[in-house]
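Chemist: Build me a model from this:
(chains A and B, ligands or ions: 2)
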Amino acid sequence: MKNYDVVIIGGGSAGLAAALEVNKNGVKNILVIERDQELGGILLQCIHNGFGLKVFKEELTGPEYAERFVNMLKEEGIEFKLNSMVTKINKDKTVEYANSDEGFIQIQAKAIIITTGCYERNAGAISIPGNRPSGVLTAGTAQKYLNIDGYLVGKKVFILGSGDIGLIMARRMTLEGAEVIGVAEILPFSGGLQRNIVQCLEDYNIPLYLSHTVTEIIGKDKIEGIKVQKVDNFVPVPNTEMEFEVDALLLSVGLIPENGISEAAGIELHPRTKGPIVNESYQTNIEGVFACGNALHVHDLVDFVTTESRKAGEKAAKYVKGEYKDNVERINLVAKNGISYIVPQMVSSENVDKTIELFMRVTDVYKNVEFVIKQDGKELKRIKKKHLAPAEMEKVILTKSQIEGANKEITIEVEAL
Amino acid sequence: MKQELICIACPMGCHLEVDIDDNYFVTGNQCKRGEIYGKKELTNPTRLITSTVKIKNGINNRIPVKSSGEVPKDKIFLVMKELERIELYSPVKMNEVVIENVCGLGVNIITTRSM
Ligand SMILES: Cc1cc2nc3c(=O)[nH]c(=O)nc-3n(C[C@H](O)[C@H](O)[C@H](O)COP(=O)(O)OP(=O)(O)OC[C@H]3O[C@@H](n4cnc5c(N)ncnc54)[C@H](O)[C@@H]3O)c2cc1C
Ligand code: SF4
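Modeler: Ligands and ions are numbered 1, 2, ... in the order given. Next up is the predicted model:
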């Protein structure tokens, strides 16, 4: 059996940044395993701009961002395998993968980093009555067809869900000559970034129906139309039905971290993030198994994926070098009122150098509020926030001494000013 | 008169307020780019164009491209028409010029990956 120091599962932006950082920290026996025909992950189909402002200090498209990282990986001579699917990881840190050249292979790692990205909730996951004729597909699938294969899935399109991929696709399909009739969002606020509402919908006069959903899909084999209805607290309001003739319905109703192989290995997942529960070092409940990127929690900015994955890579390298302390006391980082989740979920000051970045999402749209951070119920600090939305990930930085000051937990909540 | 805008110059999406009567004075921005955006959006709105063009012999049928600079909003569809006519042959490098001075707008169309 072949031995590696660190095996990285998934060659998207998270896997690439983690691999480079492991390498930079002096651990050189690395393998990146990617199931696709090239490295880069989801970025390759995100041809729009908006990537890299933090990491490269310039605004890049997804493919440009990916290519820069792929080039760095190649320059460093880091080993990677393409068209190779990881089928299983085990507690003893053996990894099983398959490809057409080698067949089924088992390798031994000292540390594993899970960077498998996320998948889209699909037609089966939403409760629209009626059948699922062709022409109903996820926004990401439509994006791949259009941007990679050059195939436009419809000429009269409706989009359910205001997630970023749906918004981006509304513009993209409009530019390619399709008519995008509208976007319906069941919540009273958008699930996508504000900038995408402006430059993808408002720029092209595409209506956004907030507090609306698709209540019926018309058509047997092929979609012919849809019914859209206003909702009040998720319940359709009578006599608000609108009927539209469409030949495609795109679903942009949420992303879920891809953790099939993690779960099978016994990695504990968080009910909110749907990704592994991790500590300050991005280590899961299995020693030596780390996770980052969209596999850990869904990110809207690749720059955050990169910073997080660099941290995870550094810690995995430390683990291999025996510099990481697993058996230490940890305090919990707890999401309270108004906060949906915090990643990581626990922290030990021993593995924190000077500061630690906490990523979180809020549960609602807020204006002029404060984050209140408490150590064991005692107030530690307040951070003013002019505008918060669930679609936009927030970051809070704590210092080592602030963590040392807590015995049991640090909590974060939203409070009105 | 004050106009509220969302800055789209980066994913932060700052909420701007532009005072049209005070020489388009911008507040609410977190960086200089927001100031520039706020002023321009109300006087001469422009956008970067990202799309794809056909490619032969590549691993995919399409290769992504972008405009090297921003284009007036009302010229976007004109540029899209030009892109339909292009067909590249692999291998192509990232940042290769595909159309020079597209539609006379003073910007080029360049590839955003190699293939
Ligand atoms: C449509 C869309 C638009 C976005 N727009 C922006 C934007 O404008 N600006 C911005 O900054 N960010 C944006 N983002 C966010 C950001 O780009 C992503 O969050 C980030 O690229 C995710 O990186 P990742 O490596 O975690 O996941 P991915 O890129 O999905 O990579 C995961 C990789 O793992 C591989 N894999 C999975 N399972 C296995 C397995 N079992 N074996 C082998 N390989 C496996 C997959 O093939 C894939 O290549 C966008 C995201 C999406 C989805
Ligand atoms: S003002 Fe600056 S930080 Fe804010 S959205 Fe615009 S470019 Fe981004």
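Chemist: need the strands for chain B, in chain order.
Modeler: Using DSSP state E, the strands found in chain B span residues B:2-6, B:15-19, B:25-27, B:46-47, B:50-56, B:62-67, B:71-72, B:87-89, B:97-99, B:109-111.
Chemist: Flag every residue of chain B that's near ligand 2.
Modeler: Contact residues, chain B versus ligand 2 (CB under 6 Å from any ligand atom): B:7, B:9, B:10, B:12, B:13, B:14, B:29, B:30, B:31, B:33, B:34, B:37. C-beta: built from backbone N, CA, C; applies to glycine.
Chemist: for stretch B:47-59, which positions count as buried?
Modeler: By neighbour count with 16 or more other CB atoms under 10 Å in any protein chain shown, stretch B:47-59 contains the buried residues B:47, B:48, B:49, B:50, B:51, B:52, B:53, B:54, B:55, B:58.
Chemist: ugh, wrong one, stretch A:204-222
Modeler: Quick answer for stretch A:204-222 (16+ other CB under 10 Å): A:206, A:208, A:209, A:211, A:212, A:213, A:214, A:215, A:217, A:219.
Chemist: Get me the contact residues on chain B for chain A.
Modeler: B:5-8, B:10-11, B:13, B:15, B:47-48, B:50-52, B:54, B:59-62, B:64, B:66, B:73, B:76-77, B:80, B:94, B:112-114 (CB under 8 Å from any CB of the partner chain).
Chemist: Could you give me the PyMOL syntax to select whichever of those are buried?
Modeler: Selection of the buried residues among those in PyMOL, burial being defined by 16+ other CB under 10 Å:
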select buried, chain B and resi 5+6+7+8+10+11+13+15+47+48+50+51+52+54+60+62+64+66+76+94+112+113+114
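Chemist: now, the most widely separated pair of the buried residues of stretch A:204-222?
Modeler: Taking CB to CB as the measure, the buried residues of stretch A:204-222 span a maximum distance of 25.4 Å, between A:211 and A:219.
Chemist: what's whichever helix in chain B runs longest packed up against?
Modeler: In chain B, taking DSSP state H as the definition, the longest helix is helix B:32-43. Here helix B:32-43 touches strand B:2-6, strand B:15-19, strand B:25-27, going by 3 or more CB pairs under 8 Å, 6 or more residues apart in numbering or on different chains; DSSP states H and E.
Chemist: any idea how the chain splits into domains?
Modeler: Let's take chain A. Following automatic domain parsing, one gets these domains for chain A: A:1-120+A:255-327, A:122-253, A:328-417.
Chemist: sorry, should have said chain B
Modeler: B:2-43, B:50-111.
Chemist: need those in a markdown table with mean pLDDT, can you?
Modeler: Formatted as a markdown table, these follow (pLDDT from 0 to 100):
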| stretch | mean pLDDT |
| --- | --- |
| domain B:2-43 | 90 |
| domain B:50-111 | 96 |
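Chemist: closest one to residue A:178 among those domains?
Modeler: Closest among these, using CB to CB: domain B:50-111, at 12.1 Å.
Chemist: Just the terminal-to-terminal distance for that closest one.
Modeler: One end of domain B:50-111 to the other measures 10 Å (CA to CA, to the nearest Å).
Chemist: Find the nearest non-adjacent residue to residue A:272, please.
Modeler: Among residues not flanking residue A:272 along the chain, residue A:341 sits closest, at 4.2 Å (CB to CB, 6 or more residues apart in numbering or on different chains).
Chemist: Could you do residue A:135 as well?
Modeler: In space, and not counting its chain neighbours, residue A:135 is closest to residue A:223: 3.6 Å by CB to CB, 6+ apart.
Chemist: Who are the packing partners of the lengthiest helix in chain A?
Modeler: Counting by DSSP H, the longest helix found in chain A is helix A:302-320. In terms of contacts (3+ CB pairs under 8 Å, 6+ apart), helix A:302-320 is packed against strand A:2-9, helix A:13-24, strand A:103-114, strand A:289-291, strand A:355-362.
Chemist: again, only using 10 Å
Modeler: Judged by 3 or more CB pairs under 10 Å, 6 or more residues apart in numbering or on different chains; DSSP states H and E, the packing partners of helix A:302-320 are strand A:2-9, helix A:13-24, strand A:30-33, strand A:49-51, helix A:62-75, strand A:103-114, strand A:289-291, strand A:355-362.
Chemist: ok, of the ones you listed, where does mean pLDDT dip lowest?
Modeler: The minimum mean pLDDT among these belongs to strand A:49-51 (a mean of 90).
Chemist: Before I go, just wanted to say thanks for your time.
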